[in-house]
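Chemist: pasting the structure only:
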């Protein structure tokens, strides 16, 4: 006889496990199916271990720049295996924590590969389960690049880049979204010679061009080679190197990292048999994460861009609360999900770019504040960067915020809160920001948009 649940979630990443917890909290009998490790890609192979490695890169940068602070250090050794071990220990700890949360909230964890065999019917390695509501949260995987086939040795995806046996002397990174830019910055700080290649006219194609140009300039000052409007047409893998053709040029490197985005894990789920509609390789959903099949939902990377862990978690909660009949549930405005890139320099943004805002036909007020005038940034020795804000000139509505510089990923939520509370430029101008802090740049950019800057 089939096991029966109110909610069955397929995939235990940051979308799936959060959805399962919220469903259980609402009194629904809930199970989550996971074929690998709890926490999904984010905890095990994405967000968390990359940040642990990037912390190591920050330490390397600090050690290389001690002299201005009056310090010197000699005899400092670096062990790549030790840094990798640290990152894996962080992931393991958090994955174990998800298991604890499942037990604490009474969520059944089913290990195996799931496939839909009918509406509300799920087969997991031969065992049948039924549920009134099935939530797909199977995530995504690296998107392939034609002619560049990862082999796990010389040609990497981010999986191999997270656990290298040794630090490559040279690295070609194909793709300059958040993943590519973070790994390019990481390996450059650790000592690799890095080349970053992007098919689009600018690196970080989703970001405001002014931000992307700043990052490119900073990367090139660090000695990294950056190529835009360039494709990788061919690679030849040798025993101890890789030769890549970039446009009409060739370069030889130790390793190639393919970081050209992700595609949804839609295969093997039985979606075709149920007639589930897809959109560009992702599952099509409405504003409540419902697919075109009654009782079937999709959240997170599987449901399309932005492919971000916090977007997946938010969708998990709103999806479950809506199906459970919780009042005052609001759909997610995908334009205002913050995006963060934890490179050096860091990038954080939400809302519309200047070009996107201008295309709406609104009259705009744009504010900009350079960190060269920030006392805290100068004190940290990191005065390069800026905060840019975009407002509707008539209503004062915040349309976009774009930040590049030290610790901006820890500050962008201030603009997110402002947007959620419908704060206008005038409202934000009245907020008292502590001095000296990096976040003062946010206030100064607002004042600049209103035509009354105080420190520029």
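Modeler: Received it, and whenever you're ready, just let me know what you need. Computed from a predicted model, the values in this text were never measured in an experiment. Residues are numbered from 1 along each chain as shown.
Chemist: C-alpha only now, for contacts and for neighbours.
Modeler: Fine.
Chemist: any idea where the strands of the stretch 1-150 of the chain begin and end?
Modeler: Here the stretch 1-150 of the chain has its strands, by DSSP state E, counting those that start in this stretch, at 3-10, 30-34, 108-111, 114-118, 121-124, 127-136, 140-142.
Chemist: out of those strands, deepest packed?
Modeler: Mean neighbour count (mean count of other CA atoms under 10 Å) peaks for strand 30-34 among these, with a mean of 26.
Chemist: Report the angle between that one and strand 127-136.
Modeler: Between the axes of strand 30-34 and strand 127-136, defined by axes from the mean of the first three to the mean of the last three CA atoms, to 10 degrees, the angle is 90 degrees.
Chemist: any weak-confidence spans in this structure?
Modeler: Scanning the chain for pLDDT under 70 picks out 1.
Chemist: Select the longest helix from it.
Modeler: Longest helix of the chain, by residue count under DSSP state H: helix 80-104.
Chemist: Check which helices and strands that one is in contact with.
Modeler: If you count contacts as 3 or more CA pairs under 8 Å, 6 or more residues apart in numbering; DSSP states H and E, helix 80-104 packs onto helix 16-25, helix 40-45, helix 47-64.
Chemist: what helices or strands is the shortest one leaning on?
Modeler: Yep, that's helix 40-45 we're talking about. Using 3+ CA pairs under 8 Å, 6+ apart: helix 40-45 touches helix 47-64, helix 80-104, helix 158-162.
Chemist: same check, this time on the first one
Modeler: Based on contacts counted as 3+ CA pairs under 8 Å, 6+ apart, the elements that helix 16-25 packs against are strand 3-10, strand 30-34, helix 80-104, helix 309-323.
Chemist: if you set the cut-off to 6 Å instead, what comes out?
Modeler: On a contact count with 3 or more CA pairs under 6 Å, 6 or more residues apart in numbering; DSSP states H and E, helix 16-25 meets helix 309-323.
Chemist: next SSE after the helix it packs on?
Modeler: Next helix or strand after helix 309-323 toward the C-terminus (DSSP states H and E): strand 339-341.
Chemist: Direction included, what does that next one pair against?
Modeler: Next to strand 339-341 in the sheet, as set by DSSP bridges, lie strand 346-351 (antiparallel).
Chemist: Tell me the buried residues in the partner strand?
Modeler: 346-351 (16 or more other CA atoms under 10 Å).
Chemist: cool, and stretch 202-210?
Modeler: Residues of stretch 202-210 classed as buried by neighbour count (16+ other CA under 10 Å): 202-205, 207-209.
Chemist: what comes up buried for the longest helix of the chain?
Modeler: Applying 16+ other CA under 10 Å to helix 80-104 flags 80, 83-88, 90-92, 94-95, 98-99, 102 as buried.
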